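Student: missing the sequence, but the structure's below:
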């Protein structure tokens with residue numbers, strides 16, 4: 001057996017550089033490169049390997065460990081999970097900074113490879129700088145924290161263990177049903193230890209992702225239920241986009257006259273102009289979609305994990321006889337809500353069901369007039385919100401209307417948290433697939449800027465826009481600097497409403513007078529944040545980092561700024577001043593949050609009673 005003597009870190013990079021993925025006969029190099037921030041836990045191991053033995057892998061210097069993982073996840077999401085970046089950090093705080101982003105990737109079923117440094121396996125310099133000492137179990141370290149948020153976790157305490165660990169890591173990263181964050185904890189001494197690795201470990205390896213076909217029995221059971229339904233409804237999730245099944249979704253809906261709704265992850269799978277497009281579903285859903293949901297006697301979920309927002313805390317599908325057909329590669333998701341599971345790729349599942357239903361001459365009982373009436377009413381409501389004016393300032397929905405009408409239809413909008421995801425899900429009009437990039441599985445504040453950079457890395461030919469509130473921007477904007485360093489432009493649309501206004505709204509809707517959510521000075525008279533708003537100049541901040549920046553306080557200024565930003569060659573920020581509370585509200589939906597059963601406030605007690613009344617009507621599956 002021919003061997004090559006390398007350090008464990010060098011061997012890992014050489015292995016990663018030879019991994020490929022094949023989908024529908026199209027072969028793609030799987031690992032694009034490595035994001036990294038160096039410290040004593042990885043600089044002399046992974047750092048040396050990246051400096052001298054990276055092969056064709058690109059190294060990108062991150063500025064915040066959480067931010068760089070968000071960027072890597074967004075890159076993988078925009079590339080339909082066919083390419084990834086790995087992320088390397090030091091031990092201790094550097095490693096732990098990745099945990100939140102690891103959870104975000106795992107919840108959203110996005111592949112990222114995390115390579116945190118770890119304590120010395122030899123324990124010779126024990127306790128090493130930044131080591132987390134657990135006196136009851138000395139095998140524990142900071143990297144054990146990744147176990148809860150990783151789809152696969154391993155610690156390489158001997159260099160030869162890399163062989164099996166790396167193969168297992170690739171198995172999970174390339175499995176569309178099981179993918180998420182994969183963590184290989186790398187003790188800093190082992191990174192630098194040498195081993196005679198078999199040459200075969202470094203040969204080109206192609207991971208074939210075969211489209212899973214549903215079983216005949218599963219198709220027959222599902223088709224029987226659909227054929228017996230009169231008012232079925234399609235809920236399109238992210239699995240439709242990952243499977244490149246938008247054409248199959250449209251063909252299926254058209255064949256049987258079934259309205260299509262979209263989750264946050266599935267939005268842009270269906271052209272909003274299509275007669276069968278019912279809009280966003282659930283808590284952040286459109287009126288038409290939520291009205292159809294209440295009537296539906298059968299729900300066909302395609303590639304969705306049925307979050308509480310998609311189901312409106314299990315109240316959206318109110319028909320007492322409603323049944324569920326769930327097409328999903330992940331068996332856990334397919335089994336949700338007591339549904340009939342069709343374990344399959346979205347494309348093959350839809351095709352098989354379409355063939356079976358056409359053989360049965362099935363057609364839904366919807367009328368063209370009924371579908372058109374509800375769609376027209378909702379389109380008119382969006383038009384109204386897009387034109388909504390306020391005497392005392394710029395409304396958020398008006399700003400979104402200007403943006404939607406001004407930027408190219410091929411542009412990618414990226415979001416994650418605050419009130420913007422609700423407005424975007426309800427109101428944004430997508431005409432092309434993969435133009436709506438929302439991280440709403442975890443709704444992680446701070447994803448927006450990093451995510452937009454990742455999307456721009458993945459699709460440099462498109463304009464990319466980060467839709468971010470001032471709260472999320474303040475939490476994390478560090479990869480803006482990395483985008484300038486990499487000369488990969490995107491545009492940050494920063495909605496400044498002076499605080500965490502989404503949660504401020506939720507708070508007041510449930511009995512509060514408003515507490516702790518606005519960015520105001522503390523007043524001596526009240527002891528609370530009830531003073532004037534903080535005068536933060538976000539445009540000046542962006543310029544200080546090297547970005548271009550503009551400000552907009554009304555529709556015309558925003559339109560001009562968008563056109564100017566498009567001409568910029570570097571990352572650009574547009575600070576948009578919007579009135580708090582001018583986002584859209586809910587439409588025939590409900591979200592279950594805990595409201596105190598005991599309070600000094602009558603408003604809170606009434607809100608609790610209202611919540612309990614709605615909870616009693618929600619399904620318990």
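Tutor: Received it, and whenever you're ready, just let me know what you need. All of these numbers come straight from a predicted model, not from anything done at the bench.

Student: Could you report the neighbour count for the spatially closest residue to residue 78 that is not a sequence neighbour?
Tutor: Of all residues beyond its chain neighbours, the one nearest residue 78 is residue 458 (3.7 Å), with distances taken as C-beta to C-beta, 6 or more residues apart in numbering. From N, CA and C alone the C-beta is placed, and that goes for glycine too. For residue 458, the tally of surrounding residues (other C-beta atoms under 10 Å) stands at 23.

Student: Outline the domain layout of this structure.
Tutor: Domain ranges of the chain: 3-209, 216-374, 387-498+534-577, per automatic domain parsing.

Student: For the residue nearest to residue 78, list the residues it contacts.
Tutor: Contact analysis of residue 458 by C-beta atoms under 8 Å, 6 or more residues apart in numbering lists 74, 75, 76, 78, 79, 83.

Student: likewise residue 426?
Tutor: Residue 426 touches 279, 280, 284, 285, 286, 382, 584, 587, counting by C-beta under 8 Å, 6+ apart.

Student: Correct me if wrong, but it is in a helix.
Tutor: Yes. Assigned with DSSP: H, G, I helix; E, B strand; the rest coil, residue 426 falls within a helix.

Student: do you know how far it is from residue 479?
Tutor: Computed as C-beta to C-beta, to the nearest Å, the residue 426 to residue 479 distance reads 28 Å.

Student: that older thread, are any of the contacts of residue 458 buried, and which?
Tutor: 74, 75, 76, 78, 79, 83 (16 or more other C-beta atoms under 10 Å).

Student: now for those, which pair is the farthest apart?
Tutor: 74 and 83 (11.9 Å; C-beta to C-beta).

Student: Leaving out the residues flanking it, which one is nearest to the residue nearest the centre of the chain?
Tutor: Centroid-nearest residue in the chain: residue 439, 2.3 Å away (criterion: C-alpha atoms, centre = their mean). The shortest distance from residue 439 to any non-neighbouring residue, by C-beta to C-beta, 6+ apart, is to residue 416 (4.2 Å).

Student: Do a quick rundown of the strands in the stretch 151-300 of the chain.
Tutor: For the stretch 151-300 of the chain, the strands defined by DSSP state E, counting those that start in this stretch cover 152-155, 181-187, 194-198, 205-209, 232-236, 260-262, 277-280, 298-302.

Student: what do you get for the stretch 1-150 of the chain?
Tutor: Under DSSP E, counting those that start in this stretch, the stretch 1-150 of the chain gives strands at 3-7, 19-23, 26-29, 31-36, 58-61, 84-89, 112-118.

Student: So what are the sheet partners of the third one and their directions?
Tutor: Strands adjacent to strand 26-29 in the sheet, as given by DSSP bridges, are strand 19-23 (antiparallel).

Student: likewise the last one?
Tutor: Taking DSSP bridges as the criterion, strand 112-118 pairs within the sheet with strand 84-89 (parallel), strand 181-187 (parallel).

Student: tell me the angle that strand makes with strand 31-36.
Tutor: If you take axes from the mean of the first three to the mean of the last three C-alpha atoms, to 10 degrees, strand 112-118 sits at 40 degrees to strand 31-36.

Student: which stretches of the stretch 201-350 of the chain aren't confidently modelled?
Tutor: Judged against pLDDT under 70, the stretch 201-350 of the chain has no low-scoring part.

Student: which stretches of it form helices?
Tutor: Ranges of helices in the stretch 201-350 of the chain, per DSSP state H, counting those that start in this stretch, are 216-227, 238-242, 246-256, 287-295, 308-311, 331-334, 346-359.

Student: in the chain, which ranges drop under the pLDDT threshold?
Tutor: For the chain (pLDDT under 70), the answer is 620-621.

Student: who touches the residue nearest to residue 546 when sequence neighbours are not counted in this structure?
Tutor: Closest residue to residue 546 apart from its sequence neighbours, by C-beta to C-beta, 6+ apart: residue 484 at 4.9 Å. Going by C-beta under 8 Å, 6+ apart, residue 484 touches 545, 546, 547, 570, 571.

Student: for the residue nearest to the centre of the chain, what are its contacts?
Tutor: By C-beta under 8 Å, 6+ apart, residue 439 lies in contact with 70, 73, 74, 77, 104, 108, 414, 415, 416, 447, 451.

Student: what do you get for residue 215?
Tutor: Contacts for residue 215 (C-beta under 8 Å, 6+ apart) come out as residue 343.

Student: which helix in the protein runs the most residues?
Tutor: Identified as the longest helix of the chain according to DSSP state H is helix 368-386.

Student: which SS state does residue 461 fall under?
Tutor: Going by three-state DSSP: residue 461 is coil.

Student: what's the burial count for it?
Tutor: 6.

Student: what about it, distance to residue 455?
Tutor: Taking C-beta to C-beta, one finds residue 461 at 12 Å from residue 455.

Student: And for residue 169?
Tutor: For residue 169, the distance to residue 455 - C-beta to C-beta - is 24 Å.

Student: Equivalent analysis for residue 48, please.
Tutor: 31 Å.

Student: cool, residue 130 as well?
Tutor: 33 Å.

Student: These two: which has the busier surroundings?
Tutor: Shown here are residue 130 and residue 455; by other C-beta under 10 Å, residue 455 has more neighbours (27 against 19).

Student: I'd assumed that one was in a helix, is it?
Tutor: Yes. Membership of residue 455 in a helix is supported by three-state DSSP.

Student: ok, now which ones touch it?
Tutor: Taking C-beta under 8 Å, 6+ apart as the criterion, residue 455 is in contact with 74, 75, 77, 78, 412, 414, 437, 462, 464, 490.

Student: any idea which of the residues you listed has the most stuff around it?
Tutor: residue 74 (34 neighbours).

Student: these two touch, right, that residue and residue 459?
Tutor: No. Residue 74 lies out of contact with residue 459 (C-beta atoms under 8 Å); the separation is 10.6 Å.

Student: Phi and psi next, for the residue nearest to residue 333 when sequence neighbours are not counted.
Tutor: Leaving aside its sequence neighbours, residue 333 sits nearest to residue 305 (C-beta to C-beta, 6+ apart; 4.6 Å). Note on residue 305: its backbone torsions stand at phi -100, psi 10 [degrees, to the nearest 10].

Student: re the thing from before, could you give me the buried positions within the longest helix of the chain?
Tutor: Buried residues in helix 368-386 (16+ other C-beta under 10 Å): 371, 374, 375, 378, 379, 381, 382, 385, 386.

Student: do the same with stretch 504-523
Tutor: For stretch 504-523, the neighbour count (16+ other C-beta under 10 Å) marks 504, 505, 507, 508, 510, 511, 512, 517, 518, 519 as buried.

Student: now stretch 131-151
Tutor: Judged by neighbour count using 16+ other C-beta under 10 Å, the buried positions of stretch 131-151 are 131, 132, 141, 142, 143, 144, 145, 146, 149, 150, 151.
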